[in-house]
Every structure is written in structure tokens, then in C-alpha cells.
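In: Sharing a sequence plus its predicted fold:
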Amino acid sequence: MFGRNKNGDKPTTEEKKDQPASTTDANADKVEQLPPLKPFSAKGSHTASPPSKPAVPNAASTGSAPGYRPDIAARRLMDIPGATPRRGDQRNFQDPRTLTVGREISLRGEITSCETLIVEGQVDAKITDARVLDVPNGGVYTGTAHVEEAFISGVFDGELYAYKTLTVKSGGRVKGDVRYGRIVIEEGGEIAGSMSTLSPDEIAKARNEDGK
């Protein structure tokens, strides 16, 4: 009467026919409950992921200021074409024929093959083939110097020929036999001894004797 067999456990043939329809309806309900697929934002965006950016070390991990690039900081300014050397690199760009006598250094003798002589210490010598003699404040030169230009901020005592210009700066003291093509004495500079202007003929003669 109720459509079941004698065992009471298995469904009848009519119930078996109704079962696939109910299962199909349940699956249909599940499909309808799935969220809709999102449309692609651009062609091919669903196949290729955007490239990842390289990790940039932060200031805390490197111990430096933000934006610090050690590879750039390590570059020396002299490697950049046309750049002006820093004060600390001035000595690297110095003329190879420049001789600097540092403070607390004493030099005695004859100096040759020198383009520029800078006397910060004490020099007792003869120089006749240099272009520039520079005696800064605290430097002392004693002897003979035949040069194109002389800049005296310290002390010069001896024979000084400056074929172009002799500049006695403030605090500079010049004493002895002094000859020059032109002289500039700044306020506070002192000069004593035998002084005279060199004529063009005297300059040419002195240069020939010095081998310039």
C-alpha cells in the first residue's frame, strides 16, 4: 500500500524513478548559489601577474639616511667629467712639478726642475728655474730666488727677482736685494733693503742667465 517491499528498507521502483529528479534540483540550487565570476579588467591580465618591485633596504636596516645610495656616494668627484675637485682632493690635482715644504720642515740646498715652490716651513736655498714662489704666513725663505711671480705672506730674506710681479701680502716681510717687474704691497706688508724695477732688457738678460 505504501509502495515499499516486504523488507521495508529499499525504495520501490517508483521512488527510484523520483530520486534523480530531486538530486538534480538540489545540484541546480547549489549552482545558482555560486557567486558570479568577475570580468577581466584587461586582456591577458588573468594569465600574467604584475612584476614585483625589488626590495629597497630601509634606513633602519642600513643605518643611513633615507634615499642613501652607497654606490653613488662611493664615487669620487674627480671621476665625474668637468667636475671641480673638492678641497680634500686638491693635492691629487696638483702640478707634479710643485714642491711644498710643509710646516716644521727645514730644507737646505739648491732646488731645480720646480715649477711652483710653496714654503710653509723653513727653506735656505737657491732656486732660479721656478715660475712661482709662494711663502704663506708662517713660512721663511732665506737665500736666492729668481722667479716669474712671488707671493710673500711670511718672511723672505735674501736676493729676490720677480720678473713679472712681486706681491707682498698683509703680514708679509721682504728684506734684501729685491728686483721686480711690478710690485704690489698690501696694507700690513713690509719691504726693506735694496729695491728697484727691472727693465725689459734686464729681465731678458736675467732670464737668459737662469736658462729660462
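Out: Arrived safely. Quick caveat, the model's predicted, so the values are computed rather than measured.
In: drop to CA atoms for contacts and neighbour counts, all remaining ones
Out: Will do.
In: element containing the residue lying closest to Glu187 once chain neighbours are set aside?
Out: Distances taken as C-alpha to C-alpha, 6 or more residues apart in numbering place Ser170 nearest to Glu187, at 5.6 Å, with adjacent residues excluded. Assigned by DSSP states H and E, Ser170 falls within no helix or strand.
In: Can you read off the pLDDT for Tyr161?
Out: Tyr161 is assigned 95 on the pLDDT scale.
In: helix, strand or coil for it?
Out: Secondary structure state of Tyr161, per DSSP: H, G, I helix; E, B strand; the rest coil, is strand.
In: what's the burial count for it?
Out: By other C-alpha atoms under 10 Å, the residues close to Tyr161 number 25.
In: Which strand residues bridge it?
Out: With DSSP bridges applied, Tyr161 shows beta-bridge pairing to His146, Arg179.
In: isn't it right next to Phe151, touching?
Out: No: using C-alpha atoms under 8 Å, Tyr161 is not in contact with Phe151, being 11.9 Å away.
In: For Ser196, see how far away Lys126 is.
Out: Distance, Lys126 to Ser196, by C-alpha to C-alpha, to the nearest Å: 21 Å.
In: out of the two, which sits in the busier spot?
Out: More crowded of Lys126 and Ser196, by other C-alpha under 10 Å: Lys126, with 19 against 13.
In: For my notes, confirm that one occurs in a helix.
Out: No: assessed with three-state DSSP, Lys126 is strand; it does not lie in a helix.
In: Who is it paired with across the strands?
Out: The partner residues for Lys126, given DSSP bridges, come to Glu110, Thr144.
In: and it, what does it touch?
Out: Applying C-alpha atoms under 8 Å, 6 or more residues apart in numbering to Lys126 gives the contacts 109-111, 143-145.
In: again with Met195
Out: Shown in contact with Met195 (C-alpha under 8 Å, 6+ apart): 177-179.
In: Is it possible to get a markdown table of the residues you listed that adds neighbour count and pLDDT?
Out: Conversion of the contacts of Met195 to a markdown table gives the following (neighbours: other C-alpha atoms under 10 Å; pLDDT from 0 to 100):
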| residue | neighbour count | pLDDT |
| --- | --- | --- |
| Asp177 | 16 | 95 |
| Val178 | 22 | 96 |
| Arg179 | 23 | 95 |
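In: Can you show me the strands along this protein?
Out: For the chain, applying DSSP state E gives strands covering 98-101, 106-111, 116-119, 122-135, 140-152, 155-168, 173-180, 183-185, 190-197.
In: pLDDT below threshold where in this structure?
Out: For the chain, the stretches with pLDDT under 70 are 1-95, 212.
In: thinking again about what came up before, show me which of the contacts of Met195 is closest to Gly138.
Out: Distance to Gly138 across those (C-alpha to C-alpha) is lowest for Val178, with 20.5 Å.
In: Hmm, Leu198 and that closest one touching each other?
Out: No: judged on C-alpha under 8 Å, Val178 makes no contact with Leu198 at a distance of 9.8 Å.
In: bridging residues for Ser196?
Out: Beta bridges link Ser196 to Arg179 when assigned by DSSP bridges.
In: Touching, it and Gly176? I think so.
Out: No: Ser196 is beyond contact range of Gly176, at 11.4 Å (criterion: C-alpha under 8 Å).
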